[in-house]
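Engineer: give me the fold of what follows.
(one chain, ligands or ions: 1)
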Amino acid sequence: MRTETTACQQPAAFPGHAFQSRDPRLEPIAIKVLAGERLNFAEGLALYGSPDLLAVGWLANHVRERLHGDVTFFNVNRHINPTNVCVSNCPLCAFGRQKDDPSAYTMTLEEAWQRAASGYSDAVTEFHIVGGLNPDLTLEYYLELVRGLKARFPQVHVKAFTMVEVAFLARQAGLSVPETLLKMRAAGVDSMPGGGAEIFAPRVRSLICGHKIGGEEWLETARQAHKLGFKSNATMLYGHIENDEERVDHMLRLRALQDETGGFQAFIPLAFHPENTAFAHLPATTGLTDIRQVAVSRLVLDNFPHIKAYWQMLTPKIAQIALRFGADDLDGTVVEEKIYHDAGASTPQGMTRNELCRLIREAGRVPVERDTLYRPVTRTPNSFTVAV
Ligand code: V47
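Structural biologist: Model (predicted):
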């Protein structure tokens, strides 16, 4: 990739800004981005097609610094995956198992509560709970799981159940989605993670996760959650069989819902890990694809406050670079990760608070520990407080 200009190709000049590019397609996009205007479908596509990745990154960084300056968020969290038994059988997934598979597991409630208490010594501020669609577990199991966590760790935020799980549990219990969400709230669920969105386009969805709820139902479930006051995240799984049009379409659908509800906090582009999946023949994404995806996300999703470079999925090194290409959040300590590691991820299972701060500082950014709702966390040796 070369960004220098030649005598016959003058860069576009932007008074008062350091932006320049030898890709003429970026010029109208840069004018809009610098003026804080919204990009359209064709402009989203042009960002994917531009050979000048550094200029795309410059623009994304400009937006990121306009929103957050040098601040980079991270949190101290723990993932809990109560079961890997899943009826969806998604070709994209290496985590789900049939219930008679020797490596299938389902935690008892006691095991899940014990798991929550184990790991790094820094007190966690968030439990991130996601699992398979296990037909033998009732809604009551999940409600009791959350009640038990709240009883044992009342100060910890419970970010639990993707829109796919919410829709599945509602169907299982014979309840509407809002009724299910209200029961979850009463049990102690505070917000929702962004998983299960994959790619909304039906062509792709039917091939990578055909038995999961469709894109429209995912969006409708998120709409219902936001209407009830829950905050949630949103993801996009890229780097498999989708094309650039389908990626832009996915983000524009999320942007439209965000205009309506304002309930999304962070967008997390998730790089597909092919190992041990039905797509094992596909190559994994490369670093430049990952970095570009972070930058395009920041530029297209102008109404999302945060773009998360999830270090577990990107690797710590790429996630650190992403902090200069539009991302303002690295996610957290995690402690134990199963979904990517079953799909061949070679990243560590977790990172300490100090390791995350070092990555952020060495990227020239300022680490800020946040809670799930992005409120700064202050620590004293044995406790933490959240600025409200
Ligand atoms: O929905 C499954 C993805 C997601 C593979 O909200 C895979 O803060 C890559 O959503 N290769 C679950 N990805 C993880 C998730 C998440 C992670 C971190 C933070 C948050 C948040 C949410 O993992 C699934 C699916 O899109 N996934 N299999 C795979 N082989």
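
Engineer: for residue 79, helix, strand, or coil?
Structural biologist: strand (DSSP: H, G, I helix; E, B strand; the rest coil).

Engineer: that one against residue 335, yeah?
Structural biologist: Yes. Using CB atoms under 8 Å, residue 79 is in contact with residue 335, at 6.6 Å. Every residue, glycine included, has its C-beta placed from N, CA and C.

Engineer: look at these two and report which has more neighbours.
Structural biologist: Ranked by neighbour count (other CB atoms under 10 Å), residue 79 and residue 335 place residue 79 first, with 25 against 22.

Engineer: quick check: the more buried one vs residue 249, distance?
Structural biologist: 29 Å (CB to CB, to the nearest Å).

Engineer: now swap in residue 221 and tell me
Structural biologist: Residue 221 is 19 Å from residue 249, by CB to CB.

Engineer: low pLDDT regions in this protein?
Structural biologist: Across the chain, the ranges flagged by pLDDT under 70 are 1-16, 119-122, 382, 388.

Engineer: got the residues of it near the ligand?
Structural biologist: Residues of the chain lying close to the ligand (CB under 6 Å from any ligand atom) are 92-94, 130, 193-196, 198, 233, 235, 237, 268, 270, 272-273, 277, 310, 331, 339-340, 343.

Engineer: let's see which of the residues you listed end up in strands.
Structural biologist: Among these, DSSP state E puts 233, 235, 237, 268, 270, 331 in strands.

Engineer: neighbour count added to those, as JSON lines?
Structural biologist: JSON lines is the format used below for these (neighbours: other CB atoms under 10 Å):
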{"residue": "233", "neighbour count": "25"}
{"residue": "235", "neighbour count": "22"}
{"residue": "237", "neighbour count": "24"}
{"residue": "268", "neighbour count": "24"}
{"residue": "270", "neighbour count": "22"}
{"residue": "331", "neighbour count": "25"}
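
Engineer: is it possible to get CSV of these that adds distance to residue 118?
Structural biologist: Shown next, in CSV, are those (distance: CB to CB, whole Å):
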residue, distance to residue 118
233, 25
235, 26
237, 29
268, 25
270, 26
331, 19
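
Engineer: alpha carbons of stretch 364-377, as PDB, please.
Structural biologist: C-alpha atoms of stretch 364-377 as PDB (Å, rounded to 0.1, in the frame of the first residue of the first chain):
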ATOM      1  CA  GLY A 364      -0.500   7.000  22.700                       C
ATOM      2  CA  ARG A 365      -4.000   6.900  24.200                       C
ATOM      3  CA  VAL A 366      -5.300   7.400  27.700                       C
ATOM      4  CA  PRO A 367      -6.800   4.300  29.400                       C
ATOM      5  CA  VAL A 368     -10.100   4.800  31.200                       C
ATOM      6  CA  GLU A 369     -11.700   1.900  33.000                       C
ATOM      7  CA  ARG A 370     -15.400   2.000  32.400                       C
ATOM      8  CA  ASP A 371     -18.400   0.100  33.700                       C
ATOM      9  CA  THR A 372     -20.800  -1.500  31.100                       C
ATOM     10  CA  LEU A 373     -22.600   1.800  30.700                       C
ATOM     11  CA  TYR A 374     -19.400   3.600  30.000                       C
ATOM     12  CA  ARG A 375     -19.200   5.400  33.300                       C
ATOM     13  CA  PRO A 376     -15.700   5.800  34.600                       C
ATOM     14  CA  VAL A 377     -14.600   3.400  37.400                       C
END
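
Engineer: what's in contact with that stretch?
Structural biologist: With contact meaning CB atoms under 8 Å, 6 or more residues apart in numbering, stretch 364-377 is reached by 69-77, 125-126, 157, 159, 190-191, 231, 265, 305-306, 323-324, 329, 353, 356-357, 360-361, 379, 384-388.

Engineer: same deal with stretch 249-262?
Structural biologist: Counting by CB under 8 Å, 6+ apart, 41, 44, 197, 199-201, 215, 219, 222-223, 226-227, 234, 236, 242, 264, 267, 296-297, 300-304 sit against stretch 249-262.
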